[in-house]
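>>> need a structure here:
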Amino acid sequence: MRPEKMECPKPKPPKVVVPRCPSCRQRLDDPTLRFFAGDPDSALSEVEVLTTEKLSIFDSNCSGFESYDNLPQHKLTCFSVYDRNLHLCSFDCGLVENNVELYLSGVVKPIYDECSSTDGGFPAKKLGPINSWWTMGFDGGEKALVGLTTGN
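Below you'll find the predicted structure:
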C-alpha cells in the first residue's frame, strides 16, 4: 500500500487593509478623493452670519423668534460640504444620520433672494456641523430645494 499524499495548505494571501478616513469612511487611496480648497479670507463664522443685519428678515426687537418654527432661514449658494479632515462629502449618503460631523462653507444670502449668484451674499466658513437635511419641491414645483439644519 502506498502512503497517502499529504497536501500542504495553500498560504492565504495577506489581507489588504484599505486605508479609510475615520470620519467619512472614504478610501484615502482613491484618486477621486477631493479636498475642500479653503475659505476666502473675508469669510464670516456662523455666528457672524446669523447676526448680519442685512440677512435678517426679523425686526430689531427679535420678534419672530417665539418658537423653533421661526428659526432663521437663509439661502446658501456655491457651497461645499466637508468633514473634519476637509474631505468633500455627500450629505445624503447616511453620514449625517450616523452622527458624522459635516460642515458647510459657501455664500449666504437672504432667503427671499431668487438669484443663485454670489452677488449680494456673505462668504461663510465652517457652518455646522449639519444636524439634519431635507428636500422639498419634487412634487412638480419649479425648483427642488435642499434644506440643511445646523445647531446655531
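
>>> next one: the residue lying closest to Leu33 once chain neighbours are set aside from Lys15, what distance?
Nearest residue to Leu33 in three dimensions, chain neighbours excluded: Gln26, at 5.6 Å (C-beta to C-beta, 6 or more residues apart in numbering). C-beta: built from backbone N, CA, C; applies to glycine. Counting by C-beta to C-beta, to the nearest Å, the gap from Gln26 to Lys15 is 20 Å.

>>> neighbour-wise, which of these two wins?
Gln26 (18 against 5; other C-beta atoms under 10 Å).

>>> Three-state assignment for the closest residue to Leu76 other than its chain neighbours, please.
For Leu76, ignoring the flanking residues on the chain, the nearest one in space by C-beta to C-beta, 6+ apart is Gly106 at 4.9 Å. Per DSSP: H, G, I helix; E, B strand; the rest coil, the local secondary structure of Gly106 is strand.

>>> quickly note the distance from Gly106 to Leu44.
For Gly106 relative to Leu44 (C-beta to C-beta), the value is 11 Å.

>>> for Ala124, same thing?
5 Å.

>>> overlap in contacts of these two?
Contact criterion C-beta atoms under 8 Å, 6 or more residues apart in numbering; residues shared by Ala124 and Leu44: Val108.

>>> helices of the protein, start to end?
Applying DSSP state H to the chain gives helices spanning 46-50.

>>> spatially nearest residue to Pro110 (excluding sequence neighbours)?
Leu55 is the one closest to Pro110 (C-beta to C-beta, 6+ apart), at 5.5 Å.
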